[in-house]
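**Q** Everything below, folded, please.
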Amino acid sequence: MALLGIVVFTKAQDPHDLGIEQMKLWYNPALKTDTLPVGHVMLHNVNYPGVLSTRSKSITLELVFERNIETVSNTIPFFTLTAGLNVDNASNDLMKASSAMLALSYALPLDYNNTYMALGFQGNYSFNRVGYTGSYYSFPDNFDKFGAMYWAIKRDPLESGYNFGYFTFNAGASVFHTEEEQQWYVGFSTRYINHPYTEWDHITTLPTTFGVQAGYTAAINETTQISGYGNISFVSGSTTSSPEQYIGIRGIRKIDVNDSTAFHFSIGLGMSFHQALQPNLQLQWGRHLFAGYLDFNPPPIASSAYHRRSYALLYRYNL
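**A** Next up, the predicted model:
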């Protein structure tokens, strides 16, 4: 049998990685739709030749705790504890930013058929420094939009060169169904609920940012899966801020090596609206998953005026 799936979810502001389907708990703490504990690391490089380059590194640990209760079904409540660290740097020491994340969510079965409702909360403590003291650099509107440099400047528009730390509080909710032949989820997230100041003059605060997530998967046969994903997020009360939008599709094939061994290979293509096309490959063997992502910005994408070379590498281990 083959498996056909379509997944849609939102990419938020932290961190700035291409493997958004692996980083989803950063964006909505209630989007853990399985009970598999995992750890993963990611490296994301972006280069604007002759202008600027950035590097983002992240590590995430997802731990699941199931309630020890008697039930007639294998659908039982579970907690998810997620911890992560993301670090962004720009060339010539123009920008340094980091964010430590801790989240807790609880998933409660709604029936005996693997349908759950989940609620999660997340806290992030972040540092941001962009620019040099006494100097100012002007970047075009479409330059690195929704990337690490773009968000660093949003937090310190004067590019003061001073390091500033701030705490953000975020929350999310979801409903999901995880039956083998049919999987779907719907989620909603809200970030920066506490509206923290992000620079020393206490002029700039982060507005509340909302996101919506949804997904669907249906079985076709036992060896092939197709999935698609996308995103949208928008800022509360803003009439000028354009929302982040991302869509993609991926095909996954199970390949048997022998009677007891198999691996999964996938190829996909994503598009960040007005920014880039992002082809990707994944290989999963046993507990190990390896993924690679590229980033192109051909015309008529708005950012194509600034040639970009970007790639990301991800490794995930099932604990």
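**Q** Pretty sure V186 sits in a strand.
**A** Yes: assessed with DSSP: H, G, I helix; E, B strand; the rest coil, V186 lies in a strand.
**Q** does it really touch Q213, like I thought?
**A** Yes: judged on Cβ atoms under 8 Å, V186 makes contact with Q213 at a distance of 6.9 Å. Backbone N, C-alpha and C define where each C-beta goes, glycine included.
**Q** where are the low-confidence patches of the chain?
**A** Flagging of the chain using pLDDT under 70 yields the residue ranges 1-21, 69-73, 134-137, 140-142, 237-243, 274, 300-305.
**Q** Regarding it, what is its longest helix?
**A** As assigned by DSSP state H, the longest helix anywhere in the chain is helix 148-155.
**Q** helices or strands next to it in the packing?
**A** strand 52-66, strand 78-90, strand 95-109, strand 115-130 (3 or more Cβ pairs under 8 Å, 6 or more residues apart in numbering; DSSP states H and E).
**Q** List the buried residues of the helix or strand that that helix is followed by.
**A** Later in the chain than helix 148-155, the nearest helix or strand by DSSP states H and E is strand 164-179. Neighbour counts using 16 or more other Cβ atoms under 10 Å place F164, Y166, T168, N170, A171, G172, A173, S174, V175, F176, H177, T178 of strand 164-179 among the buried residues.
**Q** mind listing what the closest residue to the last one other than its chain neighbours touches?
**A** With Cβ to Cβ, 6 or more residues apart in numbering as the measure, N114 is the residue that lies nearest to T178, at 4.6 Å, once sequence neighbours are left out. Going by Cβ atoms under 8 Å, 6 or more residues apart in numbering, N114 touches T75, H177, T178, E179.
**Q** Tell me how far N170 lies from T198.
**A** According to Cβ to Cβ, to the nearest Å, N170 stands 15 Å off from T198.
**Q** more neighbours, V186 and Q213?
**A** Q213 (28 against 16; other Cβ atoms under 10 Å).
**Q** roughly how far apart are the closest residue in space to G131 that isn't next to it in sequence and M149?
**A** Nearest residue to G131, sequence neighbours excluded (Cβ to Cβ, 6+ apart): E159, at 2.8 Å. Using Cβ to Cβ, E159 is found at 10 Å from M149.
**Q** next one: T115
**A** Distance from T115 to M149, by Cβ to Cβ: 42 Å.
**Q** In terms of neighbours, single out the busier of those two.
**A** Taking neighbours as other Cβ under 10 Å, T115 and M149 compare with M149 leading, 25 against 15.
**Q** which residues sit in contact with that one?
**A** L52, T54, A90, L94, M95, V130, F139, F143.
**Q** what about N113, neighbour count?
**A** 12.
**Q** So it lies in a helix, does it not?
**A** No: using three-state DSSP, the assignment for N113 is coil, not a helix.
**Q** and the residue lying closest to it once chain neighbours are set aside, what are its bridge partners?
**A** The shortest distance from N113 to any non-neighbouring residue, by Cβ to Cβ, 6+ apart, is to E179 (6.4 Å). In this structure, E179 bridges to Q182 when assessed by DSSP bridges.
**Q** How much space separates E179 from T115?
**A** Distance from E179 to T115, by Cβ to Cβ: 8 Å.
**Q** can you list the helices and strands packed on helix 148-155 in JSON lines and add distance to T33?
**A** Converted to JSON lines, the helices and strands packed on helix 148-155 look like this (distance: least, Cβ to Cβ, whole Å):
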{"stretch": "strand 52-66", "distance to T33": "11"}
{"stretch": "strand 78-90", "distance to T33": "10"}
{"stretch": "strand 95-109", "distance to T33": "8"}
{"stretch": "strand 115-130", "distance to T33": "8"}
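**Q** Compare these and give me the one nearest L269.
**A** Shortest distance between L269 and the helices and strands packed on helix 148-155, using Cβ to Cβ, is found for strand 52-66: 21.3 Å.
**Q** Between strand 78-90 and the closest one, find me the angle.
**A** Calculated by axes from the mean of the first three to the mean of the last three Cα atoms, to 10 degrees, strand 52-66 forms an angle of 170 degrees with strand 78-90.
**Q** who wins for proximity to H307 among the helices and strands packed on helix 148-155?
**A** strand 52-66 (11.8 Å).
**Q** From the chain's centroid, how far away is that closest one?
**A** Averaged C-alpha coordinates place strand 52-66 at 9 Å from its chain's average position (Cα atoms, centre = their mean, to the nearest Å).
**Q** can you dump the C-alpha coordinates of it into CSV?
**A** Presented in CSV, the C-alpha positions along strand 52-66 are these (Å, rounded to 0.1, in the frame of the first residue of the first chain):
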residue,chain,number,x,y,z
LEU,A,52,26.6,39.3,4.0
SER,A,53,26.4,35.7,5.3
THR,A,54,24.6,34.2,8.3
ARG,A,55,24.8,30.9,10.1
SER,A,56,22.1,29.4,12.3
LYS,A,57,22.7,26.4,14.6
SER,A,58,20.0,24.7,16.7
ILE,A,59,19.6,21.7,18.9
THR,A,60,16.3,20.3,20.2
LEU,A,61,15.3,17.5,22.6
GLU,A,62,11.7,16.2,22.7
LEU,A,63,10.8,13.9,25.7
VAL,A,64,7.4,12.2,26.1
PHE,A,65,5.8,11.0,29.3
GLU,A,66,2.7,8.8,29.1
